[in-house]
Each structure stands twice: as structure tokens, then as C-alpha cells.
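Visitor: Please work out how this folds:
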Amino acid sequence: MSSRIKKAVIGIGIFCLVLVSLGSYTQLLENVSESLDDVRYLLILKSTKIKRGDIVSIQGHTPHYVGDHNFTKRVVGLPGDSITRDKTHLTLKAQNGAFAITLPLLTQSKEGQPLTPLSLEVVPQGYLFVTGDHLRSFDSRYEEFGLVPMKMIYGKALLKW
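Guide: Down below sits the predicted model:
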């Protein structure tokens, strides 16, 4: 076999190995909900290092009204963050006080199903508080969706477009 053919075979082999290894740590998802503004597609990297602001792929979380479905949401609350609410808003504050967000509360989903504000006062260890960018998003503000266990997070968005 000539050296040119050997180099080509080695190059193709290395390319295939890289492609297979990346394939097991990434996902290409179409964002089919209105949850994230101006995001149509996401390249998700399998990761356990999730931080506030990351867009994550949630798999195996089965909230009421939706059932088994893959979700993409933005992480806004981490373990230890405090949760307060009144009749119309829910406020999430970081443990260190460096972050706070106030979100409106709806009484029903767009399909008319009742929504119950989350009753927890602190995000527990092993869970995340996630939201959509759209104010009518079905997310962790409501008991029917709830906090998301870390084990249900596949990874975070590496690219979005």
C-alpha cells in the first residue's frame, strides 16, 4: 500500500473516532416550544457542570399536563437559592445575594389547566430551578412542573441558533 493511501486511511480513521466520540457526548435538538426566545436549534454538550444562565436539555422529567417529553429551559436557580412568593409573583434569590429575579405567576396554563405556585422556600441540593424565556412558559414556578433533579439534566447548550 502506498504511503498516500496509508495516510488517507489513517486520516479517515481518526476522523471517524472523533465523530463517534463527539456523537456520544452531544445532541442536536430542535427547540419546538416557545420556551426560549429566538432559539430554533441547540447543540447540547453532555455536562455535569451546570451554572446559572445555562440552557439545559432535560430528559425524563414528567410534569403534570405534559408527561414524558424532552425540554430545553434556562437555569435560573441553584441549590441553596431562596424562593419567596406573593399572589402574583415569585422571587428567586441567590444564596450569596448576587442574583435575584422576580417572575410573574399565572393562574392557568394557555390550555386552561390550573397552575399552583411552587411551595418550596429553598432550592434543595440536587435540584435546579428552570424557566423559559417566555413569561407564559410552563416551568419551575409551578408545582405541576416543579424543580428539576440534576439526574434529569442531559447537558447544556454549546451552540444555539
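Visitor: Run through the strands of this structure in chain order.
Guide: Using DSSP state E, the strands assigned to the chain run over residues 26-30, 41-46, 55-58, 71-77, 82-85, 89-93, 100-104, 127-131, 148-149, 153-160.
Visitor: Comparing those strands, which yields the minimum mean pLDDT?
Guide: Lowest mean pLDDT of the strands of the chain: strand 26-30, a mean of 66.
Visitor: Mind putting the strands of the chain into a markdown table with mean neighbour count and distance to residue 120?
Guide: Where you see a C-beta, it was placed from the backbone N, CA and C, and this is true even at glycine. Shown next, in a markdown table, are the strands of the chain (neighbours: other CB atoms under 10 Å; distance: least, CB to CB, whole Å):
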| stretch | mean neighbour count | distance to residue 120 |
| --- | --- | --- |
| strand 26-30 | 14 | 28 |
| strand 41-46 | 17 | 27 |
| strand 55-58 | 21 | 18 |
| strand 71-77 | 23 | 10 |
| strand 82-85 | 16 | 6 |
| strand 89-93 | 17 | 10 |
| strand 100-104 | 14 | 14 |
| strand 127-131 | 24 | 9 |
| strand 148-149 | 19 | 13 |
| strand 153-160 | 18 | 18 |
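Visitor: Dump the ones you listed to TSV, plus distance to residue 110.
Guide: Below are the strands of the chain laid out as TSV (distance: least, CB to CB, whole Å):
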stretch	distance to residue 110
strand 26-30	21
strand 41-46	23
strand 55-58	20
strand 71-77	16
strand 82-85	21
strand 89-93	18
strand 100-104	14
strand 127-131	16
strand 148-149	21
strand 153-160	24
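Visitor: So which of the ones you listed is nearest residue 137?
Guide: Closest to residue 137 of the strands of the chain is strand 127-131 (CB to CB; 6.0 Å).
Visitor: which residues touch the closest one?
Guide: Strand 127-131 has contacts (CB atoms under 8 Å, 6 or more residues apart in numbering) with 50, 56, 58, 71, 73-79, 81, 83, 92, 103, 123, 137, 139-141, 147-150, 153.
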